[in-house]
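Student: model this:
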Amino acid sequence: MLDPRETERRNPRTASIDLASPLEIVDMINAEDRRVPEVVATQREQIARAIELAEAAFRAGGRLFYVGAGTSGRLGVLDASEIPPTFGANPEMVQGIIAGGLPALTRAQEGAEDVVGNGARAMDEHAIGAKDFVIGIAASGTTPYVRAALE
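Tutor: Okay, the predicted model is just below:
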């Protein structure tokens, strides 16, 4: 059965990337990259609302958490790690949580994204409270670890 998630299917626009010349590969990637601003623009109101919620959390003394798995999780941890040096903020203010923990930052932890109990457990371990704001990062929107953390 074909996986219905777009993120798990082959991209028809780059299906022949393995047969392309280096310049053609660069052109394919560049063409795909140009699509990003268009997609982001369709979500501008939701992104603005997330900014409002993060600001409210900070003003209430809460924290912002990114929760993800795989590359999505790594990007969340990376972004959180840049907040203190970039903005002079306390490292506790914005934190990244990745399925599989610290080892997952440098080596794939296959199956970690599917362990539902660990997503909820991570929220308990970080003592997530009513003042905190949690953002789930999942390309497919269906990652069990992330969904459990959000629930």
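
Student: going forward, measure contacts and count neighbours with C-alpha atoms only.
Tutor: Fine.

Student: and stretch 134-150, average pLDDT?
Tutor: Model confidence over stretch 134-150 averages 92 on the pLDDT scale.

Student: hey, which helix is longest across the protein?
Tutor: As far as residue count goes, and with DSSP state H defining each element, the longest helix of the chain is helix 70-87.

Student: what helices or strands is that helix leaning on?
Tutor: When contacts are defined as 3 or more Cα pairs under 8 Å, 6 or more residues apart in numbering; DSSP states H and E, helix 70-87 sits against strand 64-68, strand 94-98, strand 133-137.

Student: Where does the prediction get shaky in the chain?
Tutor: When the per-residue scores of the chain are filtered using pLDDT under 70, the ranges that remain are 1-8.

Student: Tell me the residue in it that is farthest from the middle.
Tutor: With distances taken as Cα atoms, centre = their mean, the residue sitting farthest from the centre of the chain turns out to be residue 21, at 31.3 Å.

Student: ok, residue 135 - contacts?
Tutor: With Cα atoms under 8 Å, 6 or more residues apart in numbering as the criterion, the residues that contact residue 135 are 64, 65, 66, 67, 150.

Student: Please pick the buried ones from the residues you listed.
Tutor: Of all the contacts of residue 135 considered here, the ones buried according to neighbour count by 16 or more other Cα atoms under 10 Å are 64, 65, 66, 67.

Student: Pull out the buried residues from stretch 74-89.
Tutor: 74, 75, 76, 77, 80, 81, 83.

Student: Over to stretch 110-129?
Tutor: Neighbour-count burial for stretch 110-129, counted by 16+ other Cα under 10 Å, picks out 112, 113, 114, 115, 116, 118, 119, 120, 122, 123, 128.
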